[in-house]
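Asker: here is a sequence with its predicted model. Questions after.
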Amino acid sequence: MQSQIVCHGCHNVLRYPSGAPSVCCALCQAITTVPPPAPVMEMAHLICGGCRTLLMYTRNADTVRCSCCSTVNLVRPVNNIAHVSCGQCRTTLMYPYGAPSVKCAICHYITNTGMNTLAPMPSPMPTSSGSSYNAPSTSAPTPRSQNVTVVVENPMTVDEKGKLVSNVVVGVTTGK
């Protein structure tokens, strides 16, 4: 893969193989140092305490302001996020530990989390027939690979005809 940089001598655009520490210009013979690659920003998610919208933020943030309702949300460590399957449509929902219930953004069903403590509980594991054990459906991240569906419901907008348009995004992470 190739990258580009502007020569500091003649200001021509130079192409070079990615990872090279410097580039020598063929026109003016100036050596241009390649800056180190920008660090990859790790992202995390939380559910807004004001409007229950799923928010994305950089992992090192202390607070996140919701763009929908302007609530300033305190960021909890990642291990304080749990998952539960919606009691109606079976979509995987995220919620903070300790929340008594969570509302599904797809079908609007309110699922009780069964949380009476702040400690995580194991997730139900599917059997060979595809059904689940009768264990509580709350889970902490597990080392097993699994697909997780995340639903983000953004505020509705108005189209050019004046009609409300729903803004729902569904993301699926695949197990590795």
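Answerer: Good, I have the coordinates.
Asker: where does this protein dip in pLDDT?
Answerer: 38-40, 76-80, 115-151, 153-154, 171-176 (pLDDT under 70).
Asker: where along this structure do the strands fall?
Answerer: Taking DSSP state E, the strands of the chain run over residues 2-6, 13-17, 22-24, 31-33, 43-47, 54-58, 63-65, 72-74, 81-85, 92-96, 101-103, 110-112, 148-158, 164-173.
Asker: now those strands as a markdown table including mean neighbour count?
Answerer: (Glycine included, C-beta is placed from N, CA and C.) What follows is those, written out as a markdown table (neighbours: other C-beta atoms under 10 Å):
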| stretch | mean neighbour count |
| --- | --- |
| strand 2-6 | 12 |
| strand 13-17 | 12 |
| strand 22-24 | 14 |
| strand 31-33 | 13 |
| strand 43-47 | 17 |
| strand 54-58 | 15 |
| strand 63-65 | 14 |
| strand 72-74 | 13 |
| strand 81-85 | 21 |
| strand 92-96 | 20 |
| strand 101-103 | 17 |
| strand 110-112 | 14 |
| strand 148-158 | 14 |
| strand 164-173 | 10 |
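Asker: shouldn't residue 66 be in contact with residue 57?
Answerer: No: counting by C-beta atoms under 8 Å, residue 66 does not reach residue 57; the two are 10.3 Å apart.
Asker: contacting residues for the residue nearest to residue 60 when sequence neighbours are not counted?
Answerer: Taking C-beta to C-beta, 6 or more residues apart in numbering, and ignoring the residues beside it in sequence, residue 60 has residue 42 as its nearest neighbour in space, at 8.0 Å. For residue 42, the contact set (C-beta atoms under 8 Å, 6 or more residues apart in numbering) comprises 58-60.
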